[in-house]
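[1] quick one, structure for this:
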Amino acid sequence: TGRDPFQYSERFGLFWFLCQCSHGSTPTLVSFVTITPSFSMPSTIHLLGAGPVGCLAAILLRQRGFETVIFERRSDSRKAGAYGGRSINLALSDRGFTALEAASLADEIRKVGLPMPGRLVHDLQGSVQFQPYGQGGQAIYSVSRSGLNYKLMDLAEQNGVQIHFDARCVDVDHQARTLILEKGPSKETLSFEVLLGTDGAFSALRYALQKTDRFEYSQSYLPHGYKELHIPPTASGDFAMDPNGLHIWPRGQFMMIALPNPDRSFTCTLFYPFEADPARGVALGLNEIQNDDLVLQVWNQYFGDTLPLMPTLLHDFHNNPNASLITVRCSPWNLSNTCLLGDAAHAIVPFYGQGLNAGFEDVRMLIAQVDENAITPQSSAEAWAETLQHFGSKRKPDGDAVAQLALDNFVEMRDKVADPRFVFQKKLEARLHQAYPDRWVPLYSQVTFQPQTPYHIAYQNGQEQQKFMNRILDLIPVDKINDEAWIDDLLRQEIQHFV
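    As a prediction, this is how the structure comes out:
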């Protein structure tokens with residue numbers, strides 16, 4: 001334990017090379033695969049991917065006495081700099097913070113994050129309406145993706161986690177419990193005892209699982225892409241807009257959002273169809289907006305209030321790439337002593353702000369299963385396999401539910417938040433929650449502020465709540481919309497029948 005597997009395998013390869021020379025062979029420079037004897041003790045856990053989910057999992061396992069080794073395909077971004085142009089700001093809420101508390105990081109992240117207690121909805125005329133997310137100061141937090149990842153990588157290494165960068169996994173043999181790593185021109189074959197795939201939407205471990213019998217996998221793309229843009233601070237160094245919320249420009253088939261940053265800038269993300277759809281009001285597709293005039297045409301028509309705030313709009317639009325929005329579903333998440341977590345198991349679109357929260361909750365649930373099964377560094381491979389199977393089967397329904405919640409919320413954000421009926425419904429739900437908190441908790445609050453409620457239960461509750469609200473809205477005549485006493489009496493009668 002503690003030996004660098006690459007250094008070890010290089011020495012093994014050199015030994016093979018020298019043996020060939022000693023037998024009279026002519027030395028030749030070749031690229032070859034070395035089979036590295038396992039350097040792992042049974043207590044070593046290997047992870048693929050040093051993103052936030054992988055680092056948090058490694059930290060919590062290390063705190064329980066396990067040796068943890070992470071292989072990351074990219075270079076160390078702390079040295080190379082974060083890759084910009086296609087990263088949506090992270091939104092952290094109670095589920096994510098609950099997991100971070102286990103690593104004693106929650107308070108520290110809250111200090112550097114910016115609270116967003118609600119949406120700030122911009123209409124075409126430039127008017128802004130605030131729609132609170134919850135009650136009593138409840139908020140989600142805008143957090144720097146790179147800042148959070150750097151902090152978790154630093155903490156992981158401080159706890160003794162080994163992180164090997166530029167180490168790309170190209171295959172996994174589940175039966176032999178070996179993985180093949182590509183580092184530069186050479187490939188290394190390493191043994192593992194337990195392997196966790198925290199390597200994102202295009203996971204190498206999941207790709208290996210796809211080649212096994214009866215593994216189910218699907219991926220689907222939205223017809224929309226996204227592009228990151230920027231609103232800098234004002235000349236005086238202030239925020240150019242109200243920082244106390246998530247800004248949304250809902251435009252039916254597309255939208256833009258903006259999240260505040262600690263440097264008083266905003267990270268904006270445009271979500272827009274790749275292809276034109278005139279029947280739905282999309283005259284140009286994202287791939288067709290290729291010159292300054294077309295960019296300004298779209299902005300003047302749909303986002304006019306932001307033009308004075310975006311001096312680098314044209315540069316950002318032409319230089320930042322268009323990125324896709326994918327949803328991944330698969331089953332099972334585990335096979336023997338390997339298991340998927342985070343986006344590797346359930347990549348989702350970003351419209352509920354739950355992608356990272358769900359990944360962190362995966363880690364919390366896995367660690368809870370490890371503790372429940374009394375798994376220690378001395379536990380057998382069979383005990384680990386049983387633990388991973390229990391975790392995967394229990395967590396899979398939540399992965400499916402949060403994926404559907406995110407897809408549903410895209411329609412809400414781009415279209416419904418500007419619909420008077422929807423806005424009125426949200427006001428009714430807030431009144432129900434305030435008057436009957438034990439009987440009515442809005443779906444958004446269940447998902448965002450109640451980590452004790454599993455995603456799949458929240459989704460089921462939301463379906464029943466919508467049926468109830470549809471009935472309530474149909475019962476309120478137009479002349480009673482502003483009659484609070486009449487509405488309160490109706491709600492008091494109807495809530496008695498809601499289970």
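
[2] check contacts around Ala485.
    Counting by C-beta atoms under 8 Å, 6 or more residues apart in numbering, Ala485 touches no other residue. C-betas here are computed from N, CA, C, even on glycine.

[3] where does it fall, phi/psi-wise?
    phi -60, psi -40 (degrees, to the nearest 10).

[4] report the separation between it and Arg78.
    Going from Ala485 to Arg78 by C-beta to C-beta, to the nearest Å gives 60 Å.

[5] before we move on, what about Arg492?
    57 Å.

[6] and what of Thr387?
    Distance of Thr387 to Arg78, computed by C-beta to C-beta: 32 Å.

[7] between the two, point out the one with more neighbours.
    Neighbour totals were compared for Thr387 and Arg78, and Thr387 leads with 23 against 13 (other C-beta atoms under 10 Å).

[8] what sits against the more buried one?
    Counting by C-beta under 8 Å, 6+ apart, Thr387 makes contact with 369-370, 373, 375.

[9] could you find the closest non-adjacent residue to it?
    Closest residue to Thr387 apart from its sequence neighbours, by C-beta to C-beta, 6 or more residues apart in numbering: Asn373 at 4.7 Å.

[10] is it true that that neighbour touches Ser380?
    No. If you go by C-beta atoms under 8 Å, Asn373 and Ser380 don't touch, sitting 11.3 Å apart.

[11] the two - which one has more neighbours?
    Higher neighbour count among Asn373 and Ser380: Asn373, with 16 against 11, using other C-beta under 10 Å.

[12] for that one, give its distance to Ser379.
    According to C-beta to C-beta, Asn373 and Ser379 sit 8 Å apart.

[13] can you check Leu388 too?
    12 Å.

[14] quick one on the thing from earlier: tell me which of the contacts of Thr387 is nearest to Thr212?
    When the contacts of Thr387 are ranked by distance to Thr212 (C-beta to C-beta), Gln369 comes first, at 22.2 Å.

[15] which strand or helix spans that closest one?
    helix 355-372 (DSSP states H and E).

[16] name the next helix or strand downstream of that helix, please.
    helix 381-414.

[17] contacts for the very next helix or strand once past that next one, please.
    Sequence-wise, the next helix or strand downstream of helix 381-414 (DSSP H and E) is helix 420-435. With contacts defined as C-beta under 8 Å, 6+ apart, helix 420-435 is touched by 129, 131-132, 135, 412, 416-417, 439-442, 445, 465, 469, 472-473, 481, 487-488, 491-492, 495.

[18] report pLDDT for Arg110.
    Listed pLDDT for Arg110 reads 87.

[19] export the helix holding Gln369 as CSV, just CAs?
    Extracted in CSV, the C-alpha atoms of helix 355-372 (Å, rounded to 0.1, in the frame of the first residue of the first chain):
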residue,chain,number,x,y,z
GLY,A,355,-27.2,16.4,-10.4
LEU,A,356,-24.5,16.9,-7.9
ASN,A,357,-26.9,16.6,-4.9
ALA,A,358,-28.0,13.2,-6.2
GLY,A,359,-24.4,12.1,-6.6
PHE,A,360,-23.4,13.2,-3.1
GLU,A,361,-26.5,11.4,-1.8
ASP,A,362,-25.4,8.3,-3.6
VAL,A,363,-22.1,8.5,-1.6
ARG,A,364,-24.0,9.1,1.7
MET,A,365,-26.3,6.1,1.0
LEU,A,366,-23.4,3.9,0.1
ILE,A,367,-21.5,4.8,3.2
ALA,A,368,-24.6,4.2,5.3
GLN,A,369,-24.8,0.7,3.7
VAL,A,370,-21.2,0.1,4.5
ASP,A,371,-21.7,1.0,8.1
GLU,A,372,-25.0,-1.0,8.4
